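Colleague: fold the following.
(2 chains)
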Amino acid sequence: MFFAQLYNELWKLFGKKRTYIGFGAFVLAQCAMLLLFKYTRWQSHLEQLLFVNGYVASEYVSALTVALIMVFPQAALLMPLYVALVGGDLIAKEAEDGTLRMILCRPISRVRLLIVKWLGGMIFAAVLVLALGITALSTARVLFPWHGMFVGAESADNMAFGLFPPGQGLELYAFSHLFMVVNAFTMLSIAFMFSGFNMKPAAATILALSYFLADFIMLHLPFLEEYHNWFITHHFESWFLVFQQPTPWPQIFQSEVTLLAISATAFVIGAMGFQVRDIKS
Amino acid sequence: MIELRSVQKKFGARVAVHELNLTVPRGEIFGLLGHNGAGKSTAIGMMLGQVWPTRGEVKICGYDVTAQRARALHKVGAIFEAPAFYDYLSGRRNLEILSHYSAPTSAERIGEVVDWVGLTGREQSRVRTYSHGMRARLAIAQALLPQPELLILDEPGSGLDPEGIAEMRQTIARLHRELGLTILLSSHLLTEVEQLCTRIAVLNQGRKVFEGRLADVKSAQGRVKLKTPDFARATTLLRERGIINGAVDGVYIELNEGRTTAEITKALVNADIAVEGIWHHEQTLEDFYLDLVKNTPNQR
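Modeller: Okay, the predicted model is just below:
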C-alpha cells in the first residue's frame, strides 16, 4: 500500500505541467549561457586564465568545464527556486484545490500522508538535479569537445581549483550532483514545512525563498563570519568541495549531515503544523 | 453509525458547534439542515476527522474518529460540495489514486463502480472535460470504492442544474435501496431532504434546535386550514369552546389535542357561521424549517 501511495504521489506530481517548469527553465538557461559563453568574451577570458596559469587552453575548454560553469549559477539560484515551488505546492495546493479533503475522508493518517508526499517530493528533487547535470553536460557537448576538466570557483567560505582528466572529471561531476541532491532535499523540505501550515501555495514558496535569501545575505555579511555553520547556504556549497584536492571529506560530511538534519526538522515541524490544523473548504 | 456526544468546536473565540448530540442509526437517510454558517460542514468535518473537536466525542461505526481514525473511516464514503479531483488526470486514474488511500482496490471493483454510476466509456477521459453532472457521478464512484456502510454527503446537489439534482436524488435513493447504506445528507435543498430523509436534525447558530422524524414534522401540531367568511368570529367561538388553541395568518387554526374537524364544523354551523372549506394542513419541511429558524433566539 505504501508503495502504491508513493507511486500515485509521483504520478500526481509528474502528471501536471507545472512540475516541468523547472526542467524547461534549466534547458533554456543552459542554452542561453552556452551561447553567451561561446559568442562573448566569456570563453576568451577563461582561455586567458588558463594560459596565465601555464595550461593549454584548448585542452581544458571542454564540455565538462563549460557544463560545470553552467551548473554553478543554476544550482545556486534556479534549483532552490524550482524545488521551493514544488515543495510549497505539495500540501498547500491540494488544500487550495480541495483534493486534500477528498483524501482526508479516507482512513489514512495525516503523518503517513505527509511521509508519502515528502518522499515523492524528494524523488522529484533528485530527478530535477540529475536532469540539471545531464542536460548541462549534453548541451555543452554539442558545442565543446570531450577534453579535460578545469575547475576554478570561489564562494564565501570555499574555493576549488583543479585540472582533471576527462574520466576523473566526469566522476567528480557526477559525484558533486549527489551532494547537490541533498541541497535540493533541504530546500524542498523547508518549502514543504510552510506548506503544512494553513497558507496558500505561493505563500509557502515565498516564505521558503525568503528564508533562503535572508540566509544567503547573512552568510555574506562580514561580521557574521564566525556563525557560518548556522547558515544553510554555507552548507549548500559542499557540493563543489568534491573538486578540491585533497577532498575535505570531514567538512563535506558535516555539511551533509547538517542539511539532512535540517530537512528532517523541517518535516517534523511541518507535520506538527499539519496534524493540529483543521482541514476545511 | 454516527454518534456525537456533547461535541463543541471553537474557532478562536467563535463557537461554531455548541454541545451537539446526534445519533444516526444504521439504515437511515438522515438529513442535516441549517443555513450557511450553521455548523453543518464543521460537524461533518469532525465526523471525518478533518476538524478537531474542541470538546466531546465523535464516534463513527463505533470507533472514536480522533483516536481510531483508520478503523472509524474504514467503511465510510464521503462527497463534498463541489467535489475536487485532479483535473489533469483521467477519471479512472483519480479513482485509483483515491482508492489507494483506503485499501488495495482491484481493477474489477473500479470498473464495477464506474459502471454503477454510469461513467463507462468516459472513465479514461481527463476530468477537466467532465460536466458538473459527470463530476458528481465520479464523486459518488470514489465514495463507493471502499464498499462503504456509511455515506456522508455534504451538499451533494450544489452547483447542479435541476436535471442533475433530480439525478442525484434518484442516485441517493438507489444507494439506500440497493446497497443498504446509511446516509447522512447535509443540504440546503429542503425538497430533496423532504423526499429522501426519514429523520432530520436542524442546526442554527451552531446549536441543534430540532431532531426528529420527518413524518412527525409534516403532520405537526394538528394544523387545520379553515375557509369561512368570518374567520375572527369563528376562531373566538372555537377558542371559547376549547376546540382550538390558536389561529395563524388568518387562515390556519391549531386544534387542541383530541379534538376533530367534525367538532369545528358542528360548532360553527350551530353558531350560524358558514363553513366554505376545512382541510387538515400537512406542513411542508420548508414551513417547519423557516418557523424553527425564525423563532430560535439568537444565542451567539
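Colleague: what's across from the residue most central in space within chain B in the sheet?
Modeller: The centroid of chain B falls nearest to B:Gly31 when counting by Cα atoms, centre = their mean (2.0 Å). B:Gly31 has these beta-bridge partners by DSSP bridges: B:Leu185, B:Ile200.
Colleague: isn't it up against B:Cys197?
Modeller: Yes: with contact defined as Cβ atoms under 8 Å, B:Gly31 reaches B:Cys197; the gap is 3.7 Å. Every C-beta, even on glycine, is put in place using the N, C-alpha and C of the backbone.
Colleague: now for these two: what residues contact both?
Modeller: Listed as contacting both B:Gly31 and B:Cys197 by Cβ atoms under 8 Å, 6 or more residues apart in numbering or on different chains are B:185, B:214.
Colleague: tell me how many other residues crowd whichever residue of chain A sits closest to chain B.
Modeller: Relative to chain B, the nearest point of chain A is A:Gly98 (3.1 Å; Cβ to the nearest Cβ). For A:Gly98, the neighbour count with other Cβ atoms under 10 Å in any protein chain shown is 16.
Colleague: what about the residue nearest to it when sequence neighbours are not counted, which SS state?
Modeller: Take A:Gly98 and drop its neighbours on the chain: the residue closest to it by Cβ to Cβ, 6 or more residues apart in numbering or on different chains is B:Ala84, 3.1 Å away. Three-state assignment for B:Ala84 (DSSP: H, G, I helix; E, B strand; the rest coil): coil.
Colleague: correct me, but B:Ala84 touches A:Lys93?
Modeller: No: the pair B:Ala84 / A:Lys93 is not scored as a contact, 11.1 Å apart, by Cβ under 8 Å.
Colleague: all strands for the chain, in order.
Modeller: Defaulting to chain A. For chain A, applying DSSP state E gives strands covering A:149-154, A:159-164.
Colleague: wrong one, I was asking about chain B
Modeller: For chain B, strands defined by DSSP E occupy the ranges B:2-11, B:14-24, B:29-33, B:55-60, B:63-64, B:76-79, B:150-154, B:182-186, B:199-204, B:207-213, B:223-227, B:244-248, B:252-255, B:277-280.
Colleague: around chain B, which positions in the stretch 101-250 of chain A sit nearby?
Modeller: Contacts of the stretch 101-250 of chain A with chain B, taken as Cβ under 8 Å from any Cβ of the partner chain, map to A:101-109, A:113.
Colleague: switch the cut-off to 7 Å
Modeller: Within the stretch 101-250 of chain A, the positions adjacent to chain B are A:101-109 by Cβ under 7 Å from any Cβ of the partner chain.
Colleague: list the ones among these that fall in helices.
Modeller: A:101-103 (DSSP state H).
Colleague: buried ones among these?
Modeller: Neighbour counting by 16 or more other Cβ atoms under 10 Å in any protein chain shown classes A:101-103 among those as buried.
Colleague: could you dump the residues you listed to TSV with pLDDT?
Modeller: Putting those into TSV (pLDDT from 0 to 100) gives the following:
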residue	pLDDT
A:Arg101	91
A:Met102	90
A:Ile103	92
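Colleague: what's near enough to touch the residue of the stretch 151-300 of chain B found nearest chain A?
Modeller: Nearest to chain A, among the residues of the stretch 151-300 of chain B, is B:Ile152, at 7.5 Å (Cβ to the nearest Cβ). By Cβ atoms under 7 Å, 6 or more residues apart in numbering or on different chains, B:Ile152 lies in contact with B:44, B:47-48, B:76, B:78, B:184.
Colleague: which ones among those also lie next to chain A?
Modeller: Within those, those near chain A by Cβ under 7 Å from any Cβ are B:48, B:76, B:78.
Colleague: quick one: contacts for the first one?
Modeller: Think B:Leu48. A:104-105, B:73, B:78, B:152.
Colleague: quick check, nearest of these to A:Gln275?
Modeller: A:Leu104 (11.7 Å; Cβ to Cβ).
Colleague: ok, the closest one touching A:Ile279?
Modeller: Yes: the criterion here is Cβ atoms under 7 Å, and A:Leu104 meets it with A:Ile279 at 5.5 Å.
Colleague: what do the two both touch?
Modeller: Shared contacts of A:Leu104 and A:Ile279 (Cβ under 7 Å, 6+ apart): B:Gln50.
Colleague: grab the most central residue of chain A for me.
Modeller: A:Ala184 (3.5 Å).
Colleague: quick check: that residue touching A:Ala84?
Modeller: No: using Cβ under 7 Å, A:Ala184 makes no contact with A:Ala84, being 9.8 Å away.
Colleague: residues contacting the closest residue to B:Gly27 other than its chain neighbours?
Modeller: Closest residue to B:Gly27 in three dimensions, ignoring its sequence neighbours and counting by Cβ to Cβ, 6+ apart: B:Thr182, at 5.7 Å. Neighbouring residues of B:Thr182 by Cβ under 7 Å, 6+ apart: B:1, B:24, B:26-28, B:149-150.
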